[in-house]
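J.: got a structure for you, letters missing:
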């Protein structure tokens, strides 16, 4: 806890306000319900880790105000939110709960949930390409392309595909790493790399941001798997033991607890090494990585 | 038929090849199925009207080779394709057939169909923002933003929302016009306007492209409704009378056949008026509009 980056709450508040502005309450008879469904899943707090990473890398690489990247970064959170809504659908993971509240389709029905996901994804790219951002067009394009790749069939959607294909059978270690690199990892490395792109960073820094995000993303997921097994439900804020119950393939089930702790340490080392490329910024990235990976909730 | 634009088939072939390149066959065990599902709905011909409009407006406004806009235009077709897959889902329109063949989820199952739609939409924005296009970054950004708006909750998705909300009850004329302006119209006016944006056209020409697309899109849908009622099934290539059977709200059911023909004529007049803004290009846009609106299939 004490390692939590000091500006995390500040950024999360900014993102919350921006998301509410970008996906407003709609009062027209027809649109009301879907916008309400979008806001149900999109708003209401959370760490807003992905926007935080994007804004942080933008500020570190440009030396400018992180808020220049606020709209773009909020678009990444919309992509995250759409993916959770579709993931929970009856024909996908069929989850009734998400973050301690009913999942989107349990409240709004399946039809609205599919459309709300689609609306969020389209809206994400709409706001990320918005011309009234304080970002150089060529840099904005590069960042958009990174996020398109990170969220699609060669990124997050690809991870969902692998995850569903592995259901009900044990998987190889290779499959598990690839799945997590894409399903959880892609929006995290996408956020880091797109932040660097927004700043017009060199290819070397873009690559370092990607590698940092990849290592942190993987370690983050291993920690998540361990918490599901050994965590304190009150702190984590959701029922635990869910993965084992559903015979999910997780790092914990494939490698066991001890080996997972070793892998987390190794990935953290690697992340910190890539953070060095950012000079004075390395310290901030170091704290962030240690906080994310050592968390108990 | 005789009015069919002479370069329509040429462009459609280019788009078909480009789509196959952008969404290739994947051979990895996991990805194979979803890519196959994407290709099932995406490839195999069709008029490719939306890419055609985008490329045509680009060429008219820039004086350059329409192929510069091929990748971007193909992305619009991917958005169109994703929307049809999700539209047909059991929780949406629950359609078993699309263009004379089984709908995506009937062949690949619901899970894969949701993911294939998501993959196509993400991939669309990925390729449309691709940095190796021969388009000025600032122009590309403007075009991306137009398509984000056209495809989202204030565009096509908004139209789907209205359409579903109207199901099973009669609607007002206002609702019907708004629904069609968004559901069918948005990708058509989006294609026209984004083509103008790609060329760096003036705001006036962007607006003329939008208005032309809107009029043509509305007239196109009215013709479609009439064909469902009075067309020759062999020419149209699908079973007809579907709308009436499902008590769908259509222009034909709200206005009757005669009034529909009048509205088509009026919209065509308006479209041709907006086409005049494009000087020497007006003739081509005129032929296109007349062909689209007078079609018997």
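T.: Received, thanks. Predicted model, so just to flag it, every value in this text is computed and none were measured. Residues are numbered from 1 along each chain as shown, chains lettered A, B, ... in the order given.

J.: so where do the strands sit in the stretch 1-150 of chain A?
T.: A:97-98, A:101-102 (DSSP state E, counting those that start in this stretch).

J.: can you pull out the helices in the stretch 101-250 of chain A?
T.: A:104-108, A:110-128, A:137-151, A:156-166, A:173-183, A:185-198, A:203-230, A:233-236, A:242-245 (DSSP state H, counting those that start in this stretch).

J.: so which of these gets nearest residue B:213?
T.: helix A:110-128 (18.0 Å; Cβ to Cβ). To be clear about C-beta, it is placed using only N, CA and C from the backbone, and glycine gets the same treatment.

J.: what's that closest one packed up against?
T.: Packing partners of helix A:110-128 (3 or more Cβ pairs under 8 Å, 6 or more residues apart in numbering or on different chains; DSSP states H and E): helix A:31-42, helix A:70-88, helix A:104-108, helix A:137-151, helix B:110-128, helix B:137-151, helix B:156-166.

J.: how about those, which one is nearest residue B:190?
T.: Counting by Cβ to Cβ, residue B:190 lies closest to helix B:137-151 out of the helices and strands packed on helix A:110-128; the figure is 2.8 Å.

J.: quick check: mean pLDDT of the closest one?
T.: Helix B:137-151 shows a mean pLDDT of 97.

J.: near chain B, which residues of the stretch 1-150 of chain A show up?
T.: By Cβ under 8 Å from any Cβ of the partner chain, the residues of the stretch 1-150 of chain A that approach chain B are A:29-31, A:33-35, A:38, A:86, A:89, A:91-92, A:109-111, A:114-115, A:117-119, A:121-123, A:125-131, A:137-138, A:140-142, A:144-145, A:148-149.

J.: again, 6 Å this time
T.: For the stretch 1-150 of chain A, the contact set with chain B under Cβ under 6 Å from any Cβ of the partner chain comprises A:30, A:34, A:91, A:110-111, A:115, A:118-119, A:121-123, A:125-126, A:129, A:131, A:137-138, A:141, A:144-145, A:148-149.

J.: one step back: including mean pLDDT and mean neighbour count, could the strands of the stretch 1-150 of chain A go into CSV?
T.: Below are the strands of the stretch 1-150 of chain A laid out as CSV (pLDDT from 0 to 100; neighbours: other Cβ atoms under 10 Å in any protein chain shown):
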stretch, mean pLDDT, mean neighbour count
strand A:97-98, 91, 15
strand A:101-102, 94, 13
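
J.: returning to what we had before: can I get the helices and strands packed on helix A:110-128 in TSV with distance to residue A:283 and mean neighbour count?
T.: Shown next, in TSV, are the helices and strands packed on helix A:110-128 (distance: least, Cβ to Cβ, whole Å; neighbours: other Cβ atoms under 10 Å in any protein chain shown):
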stretch	distance to residue A:283	mean neighbour count
helix A:31-42	32	21
helix A:70-88	21	25
helix A:104-108	39	21
helix A:137-151	25	25
helix B:110-128	34	27
helix B:137-151	34	25
helix B:156-166	43	24
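
J.: any chance of those in JSON lines, plus distance to residue B:51?
T.: Below are the helices and strands packed on helix A:110-128 laid out as JSON lines (distance: least, Cβ to Cβ, whole Å):
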{"stretch": "helix A:31-42", "distance to residue B:51": "28"}
{"stretch": "helix A:70-88", "distance to residue B:51": "25"}
{"stretch": "helix A:104-108", "distance to residue B:51": "33"}
{"stretch": "helix A:137-151", "distance to residue B:51": "18"}
{"stretch": "helix B:110-128", "distance to residue B:51": "12"}
{"stretch": "helix B:137-151", "distance to residue B:51": "12"}
{"stretch": "helix B:156-166", "distance to residue B:51": "16"}
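
J.: which one, of the ones you listed, ends up nearest to residue B:63?
T.: It's helix B:137-151; of those, that one is closest to residue B:63 (Cβ to Cβ) at 14.1 Å.

J.: for the closest one, name the packing helices and strands.
T.: If you count contacts as 3 or more Cβ pairs under 6 Å, 6 or more residues apart in numbering or on different chains; DSSP states H and E, helix B:137-151 packs onto helix A:110-128, helix A:137-151, helix B:185-198.

J.: what residues sit buried inside stretch A:19-30?
T.: Residues of stretch A:19-30 classed as buried: A:19, A:22, A:23, A:26, A:30 (neighbour count, 16 or more other Cβ atoms under 10 Å in any protein chain shown).

J.: actually, stretch A:271-290.
T.: By 16+ other Cβ under 10 Å, the buried positions in stretch A:271-290 come out as A:271-272, A:274-275, A:277-278, A:281-282, A:284-286, A:288-289.

J.: next, give me the two most distant ones among those.
T.: Greatest spatial distance among these (Cβ to Cβ): A:277 and A:288, at 14.9 Å.

J.: just checking, residue A:205 touches residue A:196?
T.: Yes - Residue A:205 lies in contact with residue A:196 (Cβ atoms under 6 Å); the separation is 5.3 Å.

J.: of the two, who's got more company?
T.: Taking neighbours as other Cβ atoms under 10 Å in any protein chain shown, residue A:205 and residue A:196 compare with residue A:196 leading, 31 against 19.

J.: measure the closest residue to the more buried one other than its chain neighbours to residue B:125 for me?
T.: Distances taken as Cβ to Cβ, 6 or more residues apart in numbering or on different chains place residue A:209 nearest to residue A:196, at 4.1 Å, with adjacent residues excluded. Relative to residue B:125, residue A:209 is positioned 21 Å away (Cβ to Cβ, to the nearest Å).

J.: same check on residue A:268?
T.: From residue A:268 over to residue B:125 (counting by Cβ to Cβ), the distance is 33 Å.

J.: kindly report the same for residue A:247.
T.: Residue A:247 sits at a distance of 35 Å from residue B:125 (criterion: Cβ to Cβ).

J.: cool, residue A:171 as well?
T.: 30 Å.

J.: with residue A:204 instead?
T.: Look at residue A:204 and residue B:125: by Cβ to Cβ, they are 26 Å apart.
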